[in-house]
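A.B. asks: below is the structure, and that's it, no one-letter string:
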């Protein structure tokens with residue numbers, strides 16, 4: 001698998017979607033993705049732009065792995081990823097709560113945070 005498609009798969013996993021959803025949003029067949037992966041080829045510029053737009057990343061990132069947004073965004077993303085990894089089981093439990101319980105949980109959490117941080 002090419003690095004382009006590895007990064008696409010990483011973004012798909014991060015976003016919690018699948019290849020079929022990506023293909024549908026890009027107006028092409030999921031078979032096209034499979035064929036691109038099988039051939040190890042980078043798609044046309046037009047297709048890469050569609051994929052990048054759906055995934056919310058730059059084409060440069062998908063092609064090269066470099067984020068043109070700059071170091072600050074990379075540091076922020078790295079911190080967010082570490083927090084997600086640390087609290088992913090808690091987040092998963094919260095995802096299944098009804099909205100009223102999420103609001104209650106947020107109020108309880110706010111009670112533990114010093115007012116200077118709010």
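C.D. replies: Great, that's in hand. Remember, it's a predicted structure, so these values are computed and weren't measured experimentally. Residues are numbered from 1 along each chain as shown.

A.B. asks: tell me where the chain has helices.
C.D. replies: Using DSSP state H, the helices assigned to the chain run over residues 3-15, 19-26, 30-39, 45-55, 59-64, 71-95, 99-112.

A.B. asks: the last one vs helix 71-95, what angle?
C.D. replies: Which is helix 99-112. 120 degrees (axes from the mean of the first three to the mean of the last three C-alpha atoms, to 10 degrees).

A.B. asks: worst-scoring helix or strand of this protein, pLDDT-wise?
C.D. replies: helix 71-95 (a mean of 79; mean pLDDT, DSSP states H and E).

A.B. asks: contacts for it?
C.D. replies: Residues outside helix 71-95 that contact it (C-beta atoms under 8 Å, 6 or more residues apart in numbering) are 67, 102, 105. Any C-beta I mention is one placed from the backbone N, CA and C, and that applies to glycine too.

A.B. asks: do the same with stretch 33-46
C.D. replies: 1, 2, 4, 5, 8, 19, 22, 23, 48, 51, 59, 63.

A.B. asks: turn those into JSON lines, columns for pLDDT and distance to residue 38.
C.D. replies: Converted to JSON lines, the contacts of stretch 33-46 look like this (pLDDT from 0 to 100; distance: C-beta to C-beta, whole Å):
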{"residue": "1", "pLDDT": "62", "distance to residue 38": "9"}
{"residue": "2", "pLDDT": "79", "distance to residue 38": "10"}
{"residue": "4", "pLDDT": "91", "distance to residue 38": "13"}
{"residue": "5", "pLDDT": "90", "distance to residue 38": "10"}
{"residue": "8", "pLDDT": "91", "distance to residue 38": "14"}
{"residue": "19", "pLDDT": "91", "distance to residue 38": "13"}
{"residue": "22", "pLDDT": "92", "distance to residue 38": "16"}
{"residue": "23", "pLDDT": "92", "distance to residue 38": "15"}
{"residue": "48", "pLDDT": "93", "distance to residue 38": "17"}
{"residue": "51", "pLDDT": "93", "distance to residue 38": "17"}
{"residue": "59", "pLDDT": "91", "distance to residue 38": "21"}
{"residue": "63", "pLDDT": "90", "distance to residue 38": "19"}
